[in-house]
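Q: Sequence first, predicted model second:
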Amino acid sequence: NTTPHVPSVGRTLDRFIKQDQAQFPNATGDLSQLLRDIAWASKIIHREINRAGLIDITGSYGTHNIQGEEQQKLDVIANVRFIRALKNGGEVCGIISEEDDDFIDTGNLNGKYIVAIDPLDGSSNIDVNVSIGTIFSIYRRKSPLGTPPVLEDFLQKGTEQVGAGYVLYGSSTMLVYTTGHGVNAFTYENSLGEYILSKPHLQTPDDGKIYSINEGNYNDLSEGVKNYLNYCKEKKYSARYIGSLVADFHRNLLKGGIFMYPATAKDKNGKLRLMHECNALAFIVEQAGGVASDGKQRILEIEPTSIHQRVPLYIGSKNMVEKAIAFNP
Ligand code: P6P
C-alpha cells in the first residue's frame, strides 16, 4: 500500500508529477513525460500570447479550419507547438486537433497514447484581450504498438481517458488536470518558468448561483431550456458568459455554476466538439464532483462517430445540471 502523498501548495508541477507517479509502482513514466511535454508547449504559448500585442500576430491568418472559422495566427502557432512537442516527446502515436481535418500520425510507432487537443480555444477573443485556453485529452491507443495509428484509436468514449486538462491563459496562466485521481490546479510563475501547485484536490460546489449561456440564441432554444433560464432569473442567479469556454468553465468550477451550450435551431448538436473540448472538461468536472451531460446522457458515455462531432453541453455543479436537465426531459 502507498502512503497517500498530500501535495502541498507551492510544489512544482514536475515534483508533483514525480510524486503522483510514485503512487503507481507499475507506471513506466510515459504518461508523466507526456504531461511534461504538454506543460512545456503551454509555456511557449503563454509567451506568444503575451507578446501577441507587440508583434501583431493576433490578426487573422487568412486560412479557415474545418469548422469554417477564420484561423487566427496564434491558433496556428499553438497548433504547431503542441503537435511538435508531442511528436518530439515520443509518447504519442497520434493526435486529433480541432485545427486539423484528419488525425495526425506523429511517426512514433511505439507511442502508447493518443491526444485530442483544442490548441487555442476561444481564439476569436485573442485580439480583444479576453482569456483563452488549451483543452486536451489523453487516451491509450487501441491499435498494436509498432504500427501506425488508425481511426479507432481516436474514436474512444470519454470514459477511456487516462488524463485530461486545460490551460487558462488569463490574468494568470493556470494548468488544471486530472489523471483520474482528483483534480489539481497549478499557477504559472513566469519568472521561474515553473507551474506551482496552487489548488490541490479541487472540488466544485454542488450548487451555485451562476449560469452561463449565450442568450442571443434564446429564440432558437427548446422550451425546456427557456424554462430553466426563467427559473434561474426567478432565483436571481447571476448571468456570466465570457464566450471563451475554458474561462467560463474555470470560473464555474471554482465558484459553482452551470455552463450550457444546448442544441439550437441552427446547430442541432450545439457548437462544442465532443473529442476536442467536451470529453476533457467532463472528465475534469466529474473528478471534481460535478456533472457533464448532453441533456440525455453523461458526456463521457457518448460513443463517438466522427472526429469533429459536436454535442450539446450542460456542465458544472451537480444540482444545477440535474435541475436544468429536469426542465428538459
Ligand atoms: P458563441 C469560442 O469560439 C467557443 O468555441 C468557446 O470557447 C465558447 O464557449 C463558444 O465558442 C462561444 O460560442 O456561439 O456563444 O459565440
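A: Yep, it's here.

Q: Might you list the low-confidence residue ranges for the stretch 1-150 of the chain?
A: Across the stretch 1-150 of the chain, residues meeting the criterion (pLDDT under 70) sit at 1-7, 52-63, 65, 69-72.

Q: Show me which residues of it sit near the ligand.
A: 121, 122, 124 (Cβ under 6 Å from any ligand atom). Bear in mind the C-beta positions are built from the backbone N, C-alpha and C, glycine included.

Q: Compare these and tell me which has the most neighbours.
A: Counting neighbours by other Cβ atoms under 10 Å, residue 121 comes out on top of those with 26 neighbours.

Q: Pretty sure it sits against residue 247.
A: No. Contact criterion Cβ atoms under 8 Å: residue 121 and residue 247 do not qualify, at 9.5 Å.

Q: shared neighbours, those two?
A: Residues touching both residue 121 and residue 247 by Cβ atoms under 8 Å, 6 or more residues apart in numbering: 132, 133.

Q: Of the residues of the stretch 1-150 of the chain next to the ligand, which belong to helices?
A: The helices, defined by DSSP state H, take in nothing from these.

Q: Check which element follows the helix or strand hosting residue 196 along the chain.
A: Element membership of residue 196, judged by DSSP states H and E, is strand 194-199. On the C-terminal side of strand 194-199, the closest following helix or strand by DSSP H and E is strand 210-212.

Q: Skip the chain neighbours and tell me the closest residue to the closest residue to the ligand within the stretch 51-200 of the chain.
A: Of all residues in the stretch 51-200 of the chain, residue 122 sits closest to the ligand, with a separation of 3.7 Å (Cβ to the nearest ligand atom). With Cβ to Cβ, 6 or more residues apart in numbering as the criterion, residue 122 has its nearest non-adjacent residue at 3.3 Å, and that residue is residue 244.

Q: Verify the stated contact: residue 287 with residue 178.
A: Yes. Counting by Cβ under 8 Å, residue 178 is a contact partner of residue 287 at 4.4 Å.

Q: Who is residue 178 paired with across the strands?
A: For residue 178, the beta-bridge partners are residue 164, residue 183 (DSSP bridges).

Q: residues contacting it?
A: Counting by Cβ under 8 Å, 6+ apart, residue 178 touches 163, 164, 165, 184, 283, 284, 287.

Q: now the strands for the stretch 51-200 of the chain?
A: Under the criterion DSSP state E, counting those that start in this stretch, strands of the stretch 51-200 of the chain are mapped to 60-64, 70-72, 92-97, 104-105, 113-121, 132-140, 161-169, 173-178, 183-189, 194-199.

Q: what's the most buried one of those strands?
A: strand 113-121 (a mean of 27; mean count of other Cβ atoms under 10 Å).

Q: Check which strands are paired with it and give the direction for each one.
A: strand 92-97 (parallel), strand 132-140 (antiparallel).

Q: For it, list the C-alpha coordinates in CSV.
A: Only the C-alpha atoms of strand 113-121 are listed here, as CSV (Å, rounded to 0.1, in the frame of the first residue of the first chain):
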residue,chain,number,x,y,z
TYR,A,113,-1.0,7.3,-26.2
ILE,A,114,-3.1,9.5,-28.4
VAL,A,115,-4.0,13.1,-27.6
ALA,A,116,-7.1,15.1,-28.6
ILE,A,117,-6.5,18.8,-28.4
ASP,A,118,-8.1,22.2,-28.9
PRO,A,119,-4.8,24.1,-29.0
LEU,A,120,-6.3,27.5,-28.6
ASP,A,121,-10.0,27.6,-27.8
